[in-house]
Every structure is written in C-alpha cells, then in structure tokens.
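# A predicted structure for the sequence below; I have some questions about it.
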Amino acid sequence: MSIMATPSEMMTIAAARLLTDEDVCFVGIGAPSAACNLARLTHAPKITLIYESGTLSTRPSVLPLSIGDGELCDTALTTVSVPEMFRYWLQGGRITIGFLGGAQIDRFANLNTTVVGPYDAPKVRLPGGGGAPEIAIHCREIFITMAMGSRAFVETLPFITSFGHGTGKGDRAALGLTSRGPTKVITDLCVLEPDPETAELTVVSLHPGVTRDQVQAGCGWRLRFATELAETPAATATELSVLRDLHLRTRQAHGVAA
Amino acid sequence: MSIMATPSEMMTIAAARLLTDEDVCFVGIGAPSAACNLARLTHAPKITLIYESGTLSTRPSVLPLSIGDGELCDTALTTVSVPEMFRYWLQGGRITIGFLGGAQIDRFANLNTTVVGPYDAPKVRLPGGGGAPEIAIHCREIFITMAMGSRAFVETLPFITSFGHGTGKGDRAALGLTSRGPTKVITDLCVLEPDPETAELTVVSLHPGVTRDQVQAGCGWRLRFATELAETPAATATELSVLRDLHLRTRQAHGVAA
Amino acid sequence: MAEFLSLSAGIEAVLSDGCSVAMEGFTHLIPHAAGHEAIRQGRRRLTLIRMTPDLVYDQMIGMGLAEKLVFSWGGNPGVGSLHRFRDAVENGWPHPLEIEEHSHAAMANAYEAGAANLPFAVFRGYKGVDLPKVNKRIASVTCPYTGEVLATVPALRPDAAIIHALKADREGNVLLEGIVGVQKEAVLAARRSLVTVEEIVDDFGPRNANAVILPSWTVTAIAHVPGGAYPSYAQGYYKRANDFYIAWDAISRDRDSFRAWIKANVLEKGPDAFAQYAQTRREAA
Amino acid sequence: MAEFLSLSAGIEAVLSDGCSVAMEGFTHLIPHAAGHEAIRQGRRRLTLIRMTPDLVYDQMIGMGLAEKLVFSWGGNPGVGSLHRFRDAVENGWPHPLEIEEHSHAAMANAYEAGAANLPFAVFRGYKGVDLPKVNKRIASVTCPYTGEVLATVPALRPDAAIIHALKADREGNVLLEGIVGVQKEAVLAARRSLVTVEEIVDDFGPRNANAVILPSWTVTAIAHVPGGAYPSYAQGYYKRANDFYIAWDAISRDRDSFRAWIKANVLEKGPDAFAQYAQTRREAA
C-alpha cells in the first residue's frame, strides 16, 4: 500500500537521488531547488548549494520564491556580489553540478529559453538565457530537469540558448570545453542520458508505471531506449514525506503554492 | 618670534596646504600621510583619504606605520580588497590627487624606485614600483614629495618606474593619458611645478630662508627658476602645533619615531 | 558629495529623455518607487539596462518610456512572463522595443568592467550558442599567452544608475546588505546615480570592517523613500509581496487592465504610497 | 572540505620542492609561522609569489629556499630595505634569485584573473615606464570595440597559497576581516591552500551577510596557529610588533647575524613559539 508520487514529485525525487554530500550545486528555482533541498534533507546533508544571486552554502528551511529570496541569504554561509559569483565561483570552475531547464530541448540536450519563431520577429518571446549559457559550460556536469511534452522535446530548436552536446559526440571537445555537459535529463516520466557513442539522449529508466509509448508521446523526435532499460525505484515514504513537508512549509511561509 | 619649521616639516606643511575638502587622495606612507592628515586636521576636515591597502575614507588619529596599519582600517568608512582598490577605485578614475615619492626624480618628474645601475646587475636594488606606475596615470593629478639632494634629483634616471612628463610637454597626451600627471613637486627646500610650455620642473617658491644656491646644490641638473619666484609662507603656529601633536601621538602610539 | 533630494527631484536630476539608465537589483532591493516616479515624469526614449528586468521595467516598457532594453533575463521571477515586455517585442506595442541581449555572466562582467573604467570585459562564455549571431556587440580577444579565444562584451557605462539601498548616513554614504547583486558596480559604472533608501541614520554605527558601502562622493543624489523596493524585498525591512507578483500576471496580460492599474497606482499616486506598502509588509512579516 | 592539520603537516601537504607558492598578506595577516615551518622543512627551488614580500620572504630568500621571486614591492614597510632580498639580487647570495617584477595593479589583476579561471588579466597600466622592457610577461591586447591597446599579465595560478586568517569554524570555513588584501583571490587561484588561523570556533555566530569567508570546500588544509601572523598584525587580536620590524634591519644586514637569528628563532624553535609572541603583543596592546 505504498503512497504514489505524482509525476512532478517523481521528477524531483529522481533528481535528488543523483546528488551527494560532495556536490557543489548551482541551483535554479523550481524543480532543481526542490531536488537539491530534498537531497540535503535526506541522504546528502552536507551538499553545498549555491544560488546565482550570490548566496554560498545556503540551507533554506523553505523553498525560495526567487533566487533573490531573503531566506537564501539569511541561511547562507555568506553572500557575494553577482560579478564575483559569475567570475570566481561559476567561471572559477568550483561547481560540480549545474541544474538547467528550458522551454525546449533537443536530442543532444541543447536548450532554448530565448525565443519561439525568428529572433527578430518572435512568435513567443521567452525570458532569455540568464545564467544558462555559462552554467552549461563551466559546471563539471549538468543535470536537466524538464517535464516531457512534444512542444518541449523538439526535433529542431529555433534558438540554442545553452549548449548541450551540439550535433553529437565530440562537439563539446571541439569547442575546447573540458566539462562533461548534460549527463542526465530527469523528466516527469523517465530519466535520459546521452549515449556514450553518439551523445544522443537515450531513455535509461522509466518511472514506475510509465510505458515506452507514454514517453515517446511526450517527445517530438524518435526516442532511443537503452538496451537494458531500468525502472526508476519508486519514491520511498521518507522521500515523499520530506518533499511534501518542504512544499507545505514553503506554502505556509509564502502563502502560495510553491 | 615665530617658531621655525624644520625643512621636513616645511615640506609636509607646504604639501598639506595644496589639499582641499573636495579632494580624494591616494595616500602613501611617510610625508604624504602626514601632509594629508595635517590638511584633514586643519583646513580640509572633509578631505577623503584612501590608502592602497583598501581603506576608504579613513581618519586615523595617529599616522600609520604601514599602509596595512590597523588604525587605517579601524577608522575607515569601509575596507575593500586590493584587487577592488586597484580596479574600481584607482583605475576607476575616482582619485583626484595621488602622492608619489621615489629614490630618484628627473627634470620631467619621472620617478625611479626600482634600481640603481643596470636592471640585471643592479648596484642598488630598490623596493620597486608597487602602486606607483598606475597611480601616476590614473589620478587626476600627482603631487610628489621628496627631500632634495643631488643623488635624488638626477640628470638621467637609470630606470623609469613611474611616468611623469616623459621627455617633455605632450608626451602624456601621446600615450593617450588624459590625467595631468605631476603638477607639484614639494621638497624640503622649495616647490617646483612643470613649466606650462616645456613641462620641465621649475622652482616656483622657495621655503623661508632658503636660497637659490641651496636649491641648486640639491639638484643634479641645472634648475630653472620661475620669473616671479615666490616665498613659501612660513609655517603658522597652528600648522606646526597640529603637525607636532600628530607626530607626538604617533610616537606614543607606536613607541617609535614616525 | 551626494545631495539629499526628494524622489521627484532625484529622478529629475539623473534622468532625461534619451538617456541610458541601469535600475539594478538582482531580485532584491528593486527600485520600484523610482521607476514609478520616472513614469510620472513621462520620460521617453530611454535605454533601460538591467540583468533581470521584471515588474518595474515591464511597467516602464508598457508605458512607452523605453526605446531599447539591454538585459539577460526578462521574466516575472517564480511566476512567468513579462506581458508588457512580450507585447513590445512580439507586437511593437506601445512602440517597437530594440533589444540587446546578453547572458548574466556577460552583463555582470560588463558592469564590472564599467566600474573598473575598462572599455570591455573578457570572460569565458557564449560557447556553442546562438546569442552571438544576433548580438553584434559580442566579440572576442585572443589571449596573448595561451592563444585561447575568449568572449568579450563592451563595458556598461550608463548615463544613470538608480538603485534602492538600506541606509544612508548624514554624510551621504550608502549601506547595502544581503543580496547585493551588481548595484555597487552599476553606480560606479554610471555617470550619475540616484540611491533611494529605507532609512537615513546619523551613523551606521558598529559594522563589519568590510561592509558593502558606497562612499558619498560616488553617489549623485539620495532620496529617502521607505518602502521604495516594494513589492520586492529589503533585507531586514520587509519581505517580497509575492501576492503582487502573482497578481501582476493577470493585470499586465491585458493592455487596458495594465493602463488602468498604472493610472490608479502610479499616475494618481505619489512617492508616499510606498511607505504605506512597506508598512503593510512589515506588519505581515 | 578543508582538513585540519598541524602546521608541519599542513606545510608538508601543500609545499614541495620546486613548486610555486603565494604567501599573501598586504601588510596584515602575514603568514610568518608558516614561513618559518617552510624554512625548518628545508624546501628548495620555490617560486615565491607576493605583492609585498617583506620579512618572512626575506628570511626564506636568505635561507636559500627561493629560486624565483614574483613581486611588485619588496621592502621592510615603514623601515627600509630587505637586505637578504638585496643580497640575493645584487650579489647572488646564497644563490642567484630570478625575479619577475610587476606593479601592484598588475599583480592584483593577475590574482583576480587566476581566481576567475581566466588565462590573463587586462588593465590600463604600464604606460611610459621601463618595466615592460625587462619583463617579457607583460603584453597587450587591443579592445575590439575602441581600438585602445591595454596592458595584460598572465593570470597567477600558484601551486599553493598560504595565508593567515582570523577564524575557522569546525566545518573548515575561514573568516577574514579588515585589510583583506588579495588573500581570497590567492587561495581561489591556487591549486592547493593552507590557512593558519588565530582561532577555531564552533560557529562564526551572527555576522554580516556579506562577510569575507572562504568556504571549507575551497581550502585544502587549516592549521590552528595562534599568533601565526606575528610580527605583523591580526585585526582584533594583536598589533604589529614594530620594534621587530626595526630590529630586522640590523639583524638582516649581515649574513652571519641573519643566520644566527634564524638558527635561534626558527630552526631551534617550533610552531608553538608564535602563540607566545602573540600573547606578548596582546598584553602590550
């Protein structure tokens, strides 16, 4: 009689499990923030969380509304200026895991958060890259969290906001990058990894109860599945209760759904 | 029955008089520090003093032993890092008056604090430039304080550590510099200024009781004197007592002559 | 030395039609009151510069103050789109908006270079992405030692910087704490600056030796505007009014409801409105 | 995460023959105790890097540890010359010392670039002076926007950084206050680092939100060495022992008196000596 995680919770929990005490994470708002703090409150109490607003080693008790939330600063070891954050900490190569998401992703884990349609005459103007272009190249590796959907997982990006694996294996190295780039894409239905030979995203694990067809239906390109396709272990009672408590505290603190 | 200032005191007092409430001074240890603080304690109480160790708007009650003296930090508005000091504050163009001195000076107010003899086989290895090369170009103008002597005021410098007026008028502009460079050289015997036509240092004012011959004897090149040579007004009783009190407090605080 | 002015006099002192202005705040201490005053004064043809343009820039863009936007992330943080910004870019309403788009790293470095009086900034960035194809201001230099090619951006040197800070003392020195963003760099990079503050105090009192302070002689004008960052937050004074950020999504989605809101809450109000907003938030906190 | 080690184990962990080391401190918090331990361990062929090499580098140079010195101002601050440094440069005693000489601005920018993982630093400097003629590491780049030619220096990336700080907490985070110099940059630019501290505390307690802190995961090792900056000073702990700076002039002028002093005060003593020095200064303060 296990409690079932929602797809969104499963995404957060699957991401959290990938993190360790040794990681220094560059955290974005939303699912990455929930995943990092869930890891911190469960199996990785010593994980280091950094938000791009300048807060180093922060330990929020509730999830922040934005990267500028006072909670991040109040619970941080210290807070540095934004130029210092981008120079000494991100470009400085001090981050092990950078989290990214986006409006759109392609099969090589390149992301678009800039524009749908032509840049000069956009159909939808998205917020833009923010920290993503440099997060994508300076962190040792990148975890992407995104809910699946055929408008999000697309065959061709109209705009590359942040670089994943370009057009395939070797493209990162050709640009002189030594970081690993996206190594995991954690979705609400499954986990994907770049194929070791081609760098194309490949489904390696299906969340409990999810079928191959469901996953393919949420993706605009013909998906590859790993030969040995795993099932993501179900959320444990502890994972779920800690995550739900975190969300509850957050709602109570902010007076809104977080 | 006026009290007489020593030559060294007269140098400090003559330098102090040039400073105003509106100045933002980049202060070195020694005579500049004494002059700037004398000005602050007399006619220019609102003068802003900055030491290259990072202390902004500092108000020491005693003179510092070194630019890293705790007194400077304790009485500063705030203290910034050394990279910030050189980037935002000095190179940022926020300093009106930079003080320099040196082991040697030439007739165009170029300075040497690096080496006597060949650089690779020095006769005397001096401390080096420190902040001087960039102080000389970034401050709106430069005041030089140096005791005269024919080994200090020399015909030809073995090494140019910081740039004054090069080989004459126009050299600064030719390097793309918009700052004025050395506008005053305040010595223990006289005050010199670059000639408006040639930029050659010219004696404009003799300290009380000093003769042209004495000044020439302390200079290794044939000195020019202004047509209308002035006499530096004698030290006032107030100037002398404030300066001597400052030195006394300093000796008492540090247990040494300052 | 910084001059103490009213908010309206302060905005008049630093903003004029056609100038470039950086109203900075990295999701903290956002100068909302100053933005409203700029709207009331009807400034036009501004180049708005900010890493994270949000509600106040959305309002200024929607009211037609901006000719150009220099930015790296334009959204309603934690909520979604900026509808006035989108309407300007997608539909040219109320008039077309030129955009110069960067990454955060580029903008942060560009402010830093401006504060340091350098003509450009060098950083490792923009690898493999499309932004350099649409922004001709992104260039490169080659390292003279290693041969590595690095990205460059021109330094930001705005005509004016406007920020909200926590405290000023009677001499006009300004104290910031918490998430300090790029505000110090923006002020040092700008030709003139206005700082609105929560409080004016006789003396900052005992403080950390390395506190983030802008000396009086780096600031043009200071205006005492309690609550001036509302609905964003001011560390130690009040929290973000998140309900307003959420409400803004609906208000701003429609051109008429947007204009009605501006009329009632900006044009027909004055700087004093902010003191009251802050008071409400403080009580709620 | 930083490891807590004894001073001798800490020096062993970060220093080896032939490596480059930055023992920084801008006339404050100078890591004297660490320098003495390096002398006792008999390190050789070091490249010593520091903006303001003073007494402790004079001692290390005089004892023959250094093959090269990278610096911008080498003197006894407020007193005069460094006689061991001069003897090495002027007379090659105890062996020749290669020098790489910069200005403060260049060194500060080079550390900053190292901390920022850039291969070089750009600044406005070195105009009209002779240093670029004798230092081939000084080069230039051209601004891609304005055509201005600016000076460059290679980033400093020392094998090791050694600094003295005020406090570490039990997690190994390090707090600096006051004249913070380039210590943070030196540690972030270096491959490994040792921080000696006055005190190890359970928790830094209430502190400024923007306090200068090196997180534990940026530091290799921490050693508890009270008084470790003596005879320089440690803000809030003890003042500079100025009498020693003056005395050093006479001690160091002569090769024999120098060696005798080192034998008595370094080789025949241990790290504990510094606790006592600091105690004396604290009582005198």
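Everything's here; your move.

# Tell me the residues on the stretch 151-258 of chain A that lie near chain C, please.
Applying CB under 8 Å from any CB of the partner chain, we find that the stretch 151-258 of chain A lies next to chain C at A:159-163, A:166, A:171-172, A:175-177, A:254-256. No exception for glycine: its C-beta is placed from N, CA and C like everyone else's.

# Of these - the most surrounded one?
residue A:162 (33 neighbours; other CB atoms under 10 Å in any protein chain shown).

# Give the bridge partners for that one, please.
Assessed by DSSP bridges, residue A:162 has beta-bridge partners residue A:111.

# Tell me the spacing between it and residue A:120.
Note on residue A:162: its distance to residue A:120, by CB to CB, to the nearest Å, is 21 Å.

# shaky segments in the chain?
Went with chain A since none was named. A:1-2, A:255-258 (pLDDT under 70).

# look at chain C instead
C:281-285.

# all helices of it, in order?
Secondary structure of chain C (DSSP state H): helices at C:7-14, C:32-40, C:55-62, C:83-91, C:104-115, C:131-134, C:183-189, C:242-253, C:255-262, C:273-284.

# Check those for me and report the most buried one.
helix C:104-115 (a mean of 30; mean count of other CB atoms under 10 Å in any protein chain shown).

# That one near chain B at all?
Yes - counting by CB under 8 Å from any CB, chain B is contacted by helix C:104-115 at C:112, C:115.

# mind listing what residue C:248 touches?
Residue C:248 makes contacts with C:55, C:58, C:76, C:79, as judged by CB atoms under 8 Å, 6 or more residues apart in numbering or on different chains.

# Pick out whichever of these sits closest to residue B:101.
Closest approach to residue B:101 among these (CB to CB): residue C:55, at 54.2 Å.

# can I assume that closest one is in contact with residue C:230?
No - counting by CB atoms under 8 Å, residue C:55 stays clear of residue C:230, with 10.6 Å between them.

# Ok, which of the helices of chain C comes nearest residue B:35?
Among the helices of chain C, helix C:183-189 comes nearest to residue B:35, with 27.5 Å by CB to CB.

# Quick one: list the elements packing against that closest one.
helix C:104-115, strand C:160-169, strand C:192-201, strand C:212-214 (3 or more CB pairs under 8 Å, 6 or more residues apart in numbering or on different chains; DSSP states H and E).

# for the second one, the distance to its chain's centre please.
The reference is to strand C:160-169. Per CA atoms, centre = their mean, to the nearest Å, the displacement of strand C:160-169 from the mean C-alpha position of its chain is 11 Å.

# Walk me through which strands it pairs with, and which way each runs.
Per DSSP bridges, strand C:160-169 is paired in its sheet with strand C:20-23 (parallel), strand C:174-176 (antiparallel), strand C:192-201 (parallel).

# coming back round to it: out of the contacts of residue C:248, what pair is the most spread apart?
C:58 and C:79 (11.3 Å).

# what's the spacing between the residue in the stretch 1-150 of chain C that chain A sits nearest to and chain D?
Using CB to the nearest CB, residue C:27 is the residue of the stretch 1-150 of chain C that sits closest to chain A, at 2.5 Å. From residue C:27 across to chain D, the span is 15 Å (CB to the nearest CB, to the nearest Å).

# got a list of what that residue touches?
A:53, A:66-69, C:52, C:54, C:77, C:179, C:181, C:232.

# What subset of these is buried?
A:53, A:66-69, C:52, C:54, C:77, C:179, C:181, C:232 (16 or more other CB atoms under 10 Å in any protein chain shown).

# Dihedrals phi and psi, the residue in the stretch 101-250 of chain C that chain D sits nearest to?
With CB to the nearest CB, the shortest gap between the stretch 101-250 of chain C and chain D falls at residue C:208, namely 3.6 Å. For residue C:208, the backbone dihedrals (degrees, to the nearest 10) come out as phi -60, psi 140.

# how many neighbours does it have?
That count, for residue C:208 with other CB under 10 Å as the rule, works out to 18.

# Would you agree it is in contact with residue D:206?
No - the criterion here is CB under 8 Å, and residue C:208 misses it with residue D:206 at 10.7 Å.

# Including secondary structure, could the residues of the stretch 151-258 of chain A next to chain C go into JSON lines?
What follows is these, written out as JSON lines (DSSP: H, G, I helix; E, B strand; the rest coil):
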{"residue": "A:159", "secondary structure": "coil"}
{"residue": "A:160", "secondary structure": "coil"}
{"residue": "A:161", "secondary structure": "coil"}
{"residue": "A:162", "secondary structure": "strand"}
{"residue": "A:163", "secondary structure": "coil"}
{"residue": "A:166", "secondary structure": "coil"}
{"residue": "A:171", "secondary structure": "helix"}
{"residue": "A:172", "secondary structure": "helix"}
{"residue": "A:175", "secondary structure": "coil"}
{"residue": "A:176", "secondary structure": "coil"}
{"residue": "A:177", "secondary structure": "coil"}
{"residue": "A:254", "secondary structure": "helix"}
{"residue": "A:255", "secondary structure": "coil"}
{"residue": "A:256", "secondary structure": "coil"}
